[in-house]
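A.B. asks: structure for the following, please:
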Amino acid sequence: MSNLFWLTEAQMARLRPFFPKSHGRPRVDDLRVLSGIIFINRNGLRWCDAPREYGPAKTLYNRWKRWSDNGVFARIMVGLAAEGADPKTIMIDATYLKAHRTACSLRGEKGGRGRQIGRTKGGMNTKLHAVTDAKGRPIRFFISAGQVSDYTGAAALLGSLPKADWFLADRGYDADWLREALEAKGISACIPGRKSRKKPVKYDKRRYKRRNRIEIMFGRLKDWRRVATRYDRCPETYLSAIALAATVLFWL
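C.D. replies: Below is the predicted model of the structure:
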């Protein structure tokens with residue numbers, strides 16, 4: 001087998017239960033096509049630049065686009081995370097991802113859906129909000145325009161949080177409504193208080209130091225060129241690139 005193939009048979013066996021059923025003609029070799037998709041996303045290349053070992057570029061792109069539109073890559077990550085996560089302690093944070101000029105059309109699509117790209121001090125960005133388990137492995141993602149606050153990401157992810165004992169976040173997430181929502185779920189908050197608070201908030205400083213694991217996770221995700229720089233105009237496609245990187249890096 002060519003060393004360009006990224007996935008082993010054992011890894012493919014874990015992925016196959018999440019694949020859509022093939023209708024009509026059997027699909028082209030899943031191992032070869034998925035390896036080509038990973039190669040393109042890892043290196044930030046155009047589809048026409050894929051090595052010939054992966055087959056026609058059109059086949060790679062069509063599979064990527066179809067499965068992205070159907071949310072297949074996101075379901076794979078969430079499904080594998082549900083099987084192997086250690087959610088006793090969960091963490092939340094957000095990071096900026098630079099949008100390439102090819103993705104920066106701000107005209108909304110039909111139906112009012114936005115591109116999830118916004119202007120910040122650093123230029124045009126998308127913000128990635130993530131929840132990880134105790135080991136810093138991602139279990140949920142949410143993307144927004146770059147100027148959107150961390151509170152918005154926390155509110156979007158709050159309903160899908162797994163059962164946990166502790167919730168770690170930096171002081172950017174210090175809000176009474178969030179603390180109350182976590183308490184209602186039976187989760188203890190480990191969040192430093194904002195400096196503007198009149199009454200200091202107590203938190204477990206030793207436990208809080210573990211939050212660096214989510215920062216490490218963001219760094220590893222950004223090793224994938226198609227994640228670090230957003231080339232995709234479609235937010236669903238870009239979220240699929242993030243989910244695919246997370247699956248390969250943390251869950252296989």
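A.B. asks: from Thr126, how far off is the residue lying closest to Pro235 once chain neighbours are set aside?
C.D. replies: Of all residues not flanking Pro235 in the chain, Gln116 sits nearest, at 4.2 Å (CB to CB, 6 or more residues apart in numbering). Placement of C-beta: from N, CA and C, glycine included. Separation of Gln116 from Thr126 (CB to CB, to the nearest Å): 6 Å.
A.B. asks: what about these two, which has more around it?
C.D. replies: Per other CB atoms under 10 Å, whichever of Gln116 and Thr126 has more neighbours is Thr126, with 26 against 23.
A.B. asks: find the nearest non-adjacent residue to the more buried one, please.
C.D. replies: Nearest residue to Thr126, sequence neighbours excluded (CB to CB, 6+ apart): Leu97, at 4.9 Å.
A.B. asks: packing partners for the helix or strand hosting the one you found?
C.D. replies: Element membership for Leu97 (DSSP states H and E) is strand 89-99. Where contact means 3 or more CB pairs under 8 Å, 6 or more residues apart in numbering; DSSP states H and E, strand 89-99 is packed against strand 123-132, helix 150-158, strand 166-168, helix 212-221, helix 225-228, strand 229-230.
A.B. asks: list the buried residues of that strand.
C.D. replies: Buried residues in strand 89-99, counted by 16 or more other CB atoms under 10 Å: 89-95, 97, 99.
A.B. asks: hang on, Ala181 packs against Leu158?
C.D. replies: Yes. Using CB atoms under 8 Å, Ala181 is in contact with Leu158, at 5.8 Å.
A.B. asks: what sits closest to Arg137 if chain neighbours are left out?
C.D. replies: Once flanking residues are discounted, Arg137 sits nearest to Phe250: 4.3 Å by CB to CB, 6+ apart.
A.B. asks: contact partners for that neighbour?
C.D. replies: For Phe250, the contacting residues are 137-138, 217, 220, by CB atoms under 8 Å, 6 or more residues apart in numbering.
A.B. asks: before we move on, what about Asn3?
C.D. replies: By CB under 8 Å, 6+ apart, the contact list for Asn3 is empty.
A.B. asks: thinking again about what came up before, which of the contacts of Phe250 are buried?
C.D. replies: 137-138, 217.
A.B. asks: what about Leu252, neighbour count?
C.D. replies: Leu252 has 15 neighbours, counted by other CB under 10 Å.
A.B. asks: tell me how far it lies from Lys209.
C.D. replies: To Lys209, Leu252 is 28 Å away according to CB to CB.
A.B. asks: kindly report the same for Arg119.
C.D. replies: Taking CB to CB as the measure, Arg119 falls 34 Å from Lys209.
A.B. asks: which one of the two has more residues nearby?
C.D. replies: The residue with more neighbours, out of Arg119 and Lys209, is Arg119; 14 against 10, by other CB under 10 Å.
A.B. asks: which elements pack onto the helix or strand containing the more buried one?
C.D. replies: Remark: Arg119 resides in strand 118-120, with elements defined by DSSP H and E. Counting contacts by 3+ CB pairs under 8 Å, 6+ apart, strand 118-120 is packed against strand 123-132.
A.B. asks: relative to helix 150-158, how tilted is the helix or strand following the strand it packs on?
C.D. replies: Sequence order places strand 138-145 as the next helix or strand after strand 123-132, per DSSP H and E. For strand 138-145 against helix 150-158, the angle by axes from the mean of the first three to the mean of the last three CA atoms, to 10 degrees is 140 degrees.
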